[in-house]
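J.: below are the sequence and a predicted model for it; my questions follow.
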Amino acid sequence: MTTIGFIGLGNMGGHMAANLVKAGHAVKGFDLVADYLARFEAAGGTAVKSSSEAASDVDVVVTMLPAGQHVRAVYTGDDGILASAKKGTLLIDSSTIDVATARDVAASADAAGMVMIDAPVSGGVGGAEAGTLTFMVGGSDAAFEQAKPVLENMGKNIFHAGGSGNGQAAKVCNNMLLGISMIGTCEAFALAEKLGLDHQKLFDISSTASGQCWSLTTYCPVPGPLPASPANNDYKPGFSVDMMLKDLKLAQDAAQASNAATPLGAQAAALYALFEASGHGDTDFSGIIKLLRGEA
């Protein structure tokens, strides 16, 4: 049994922490939201009153936080994780943040005598609950091997992407591709509607032809072909427009910092920003078909 501190018990982190409890670990959890703490306790975890308490006297600390500034503050603040955890503690940050912050915090952790990986996830709330997340890990070979048994309690696919920050790099590249492909898939269905082509017919053809992609065959953005897709539940997320836009903005920041050309990524970010501004931030990201139809 490993003693684990978990900081950030929201829609993703709460399920991840609960799966660590189910795996037999002793888990101390902290979040600023009282309801999340209560849910964590109901799942068998131990709620504590601060992030420093969660990080004290544990073997591993896992964080799932909203953005880079939160990660930096929670780790490097005066009462942060690096000031509270014992030397040798394994630190796993599963937040989706900018690459530069991930690398800066990892360097600070190394200087403090701790081992750190960045391990953002793919798979959404459903994957977090089912324990089938994909982890994209940045860090040393030794850190990856040390963290892998813990990650396997929360996910199904664990990939080592390279050194510190490369997990975040993999995440923003993957989600930029996802945002672009979803818009393309929605455009195809919107055009099919104008041409009088049935949704199911287009799905049956394209899912076995050269237009096949995850956005079509796993997350179809129109009702009917895939009963489990958010399109059949009034586009309730799922993976929200707010979250997709966050990742697309991170990808654009990374592209500008590295002088990479991502014109389609930039257009995807602009379209999702427009959709969010029309009041659809909490809509599933596949709902952007509404914007293309002129409904938003």
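T.: On my side now, so go ahead.
J.: from here on, just use CA atoms for contacts and neighbour counts.
T.: OK.
J.: and the longest helix along the chain, what's buried?
T.: Assignment by DSSP state H gives helix 166-195 as the longest helix of the chain. Of the residues in helix 166-195, those with enough neighbours to count as buried (16 or more other CA atoms under 10 Å) are 166-173, 175-190.
J.: cool, and stretch 198-208?
T.: 199, 203, 206-207.
J.: could you chop the protein up by domain?
T.: Here the chain is described, according to automatic domain parsing, as comprising the domains 3-163, 169-293.
J.: most tightly surrounded among those domains?
T.: For these, ranked by mean neighbour count under the definition mean count of other CA atoms under 10 Å, the leader is domain 3-163 at a mean of 21.
J.: centre-most residue in the chain?
T.: The centre of the chain sits closest to Val121, judged by CA atoms, centre = their mean, with a distance of 4.4 Å.
J.: show me the helices in this protein, by range?
T.: 13-22, 34-42, 51-55, 68-76, 81-84, 99-111, 124-130, 141-151, 166-195, 199-206, 214-217, 241-258, 263-275, 289-293.
J.: coming back round to it: may I see the domains of the chain organised as a markdown table, with mean pLDDT added?
T.: Formatted as a markdown table, the domains of the chain follow (pLDDT from 0 to 100):
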| stretch | mean pLDDT |
| --- | --- |
| domain 3-163 | 97 |
| domain 169-293 | 97 |
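J.: elements contacting the longest strand along the chain?
T.: Taking residue count as the measure and DSSP state E as the definition, the longest strand of the chain comes out as strand 155-162. Using 3 or more CA pairs under 8 Å, 6 or more residues apart in numbering; DSSP states H and E as the contact definition, the elements that strand 155-162 packs against are strand 133-138, helix 141-151, helix 166-195.
J.: for the ones you listed, which one sits closest to Ala43?
T.: With distances scored as CA to CA, the stretch of these nearest to Ala43 is helix 141-151 (17.9 Å).
J.: and that closest one, how far out from the chain middle?
T.: The gap between the average C-alpha position of helix 141-151 and the chain average comes to 19 Å, counting by CA atoms, centre = their mean, to the nearest Å.
J.: relative to strand 155-162, how tilted is that helix?
T.: 170 degrees (axes from the mean of the first three to the mean of the last three CA atoms, to 10 degrees).
J.: and helix 141-151 with strand 133-138, angle?
T.: An angle of 160 degrees separates the directions of helix 141-151 and strand 133-138 when computed by the same axes, to 10 degrees.
J.: adjust the sequence numbering to begin at 4 for everything that follows.
T.: With the count now opening at 4, the last piece we talked about shows up as helix 144-154.
J.: just the residues contacting helix 144-154, thanks.
T.: Under the contact criterion CA atoms under 8 Å, 6 or more residues apart in numbering, helix 144-154 has outside partners 23, 93, 95, 118-120, 138, 140-141, 161, 163.
J.: return the closest of those with respect to His283.
T.: Nearest to His283 among the contacts of helix 144-154 is Phe138, at 28.0 Å by CA to CA.
J.: identify the bridge partners of the closest one.
T.: Here Phe138 sits in beta bridges with Val124, Ile161, as judged by DSSP bridges.
J.: OK, contacts around it?
T.: If you count contacts by CA under 8 Å, 6+ apart, then Phe138 has 122-125, 154, 158, 160-162 around it.
J.: tell me how far it lies from Ala260.
T.: From Phe138 across to Ala260, the span is 24 Å (CA to CA, to the nearest Å).
J.: nearest to Thr286, of the helices of the chain?
T.: Closest among those, once you apply CA to CA, is helix 244-261, at 5.8 Å.
J.: list the contacts of that closest one.
T.: Counting by CA under 8 Å, 6+ apart, the neighbours of helix 244-261 from elsewhere in the structure are 99-102, 175-176, 178-179, 182, 264-265, 268-269, 271-272, 275-276, 278-279, 283-288.
J.: and stretch 88-103, by the same measure?
T.: Contacts of stretch 88-103 from elsewhere in the structure, counted by CA under 8 Å, 6+ apart, are 55, 58-71, 74, 115-124, 146, 149-150, 168-169, 171-172, 174, 250, 253, 256-257.
J.: and it, C-alpha only, in PDB?
T.: Listed in PDB are the C-alpha atoms of stretch 88-103, where the atom choice follows Å, rounded to 0.1, in the frame of the first residue of the first chain:
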ATOM      1  CA  ALA A  88       6.800  17.000   1.200                       C
ATOM      2  CA  LYS A  89       9.700  14.900   2.300                       C
ATOM      3  CA  LYS A  90      12.800  14.500   0.100                       C
ATOM      4  CA  GLY A  91      12.400  11.600  -2.400                       C
ATOM      5  CA  THR A  92       8.600  12.100  -2.700                       C
ATOM      6  CA  LEU A  93       7.300  11.200  -6.200                       C
ATOM      7  CA  LEU A  94       5.300  14.200  -7.600                       C
ATOM      8  CA  ILE A  95       2.800  13.600 -10.400                       C
ATOM      9  CA  ASP A  96       1.100  16.600 -12.000                       C
ATOM     10  CA  SER A  97      -1.800  15.500 -14.200                       C
ATOM     11  CA  SER A  98      -3.000  19.100 -14.900                       C
ATOM     12  CA  THR A  99      -3.000  20.300 -18.500                       C
ATOM     13  CA  ILE A 100      -0.700  23.400 -18.500                       C
ATOM     14  CA  ASP A 101       1.900  25.100 -20.600                       C
ATOM     15  CA  VAL A 102       5.100  23.300 -21.300                       C
ATOM     16  CA  ALA A 103       7.300  26.100 -19.800                       C
END
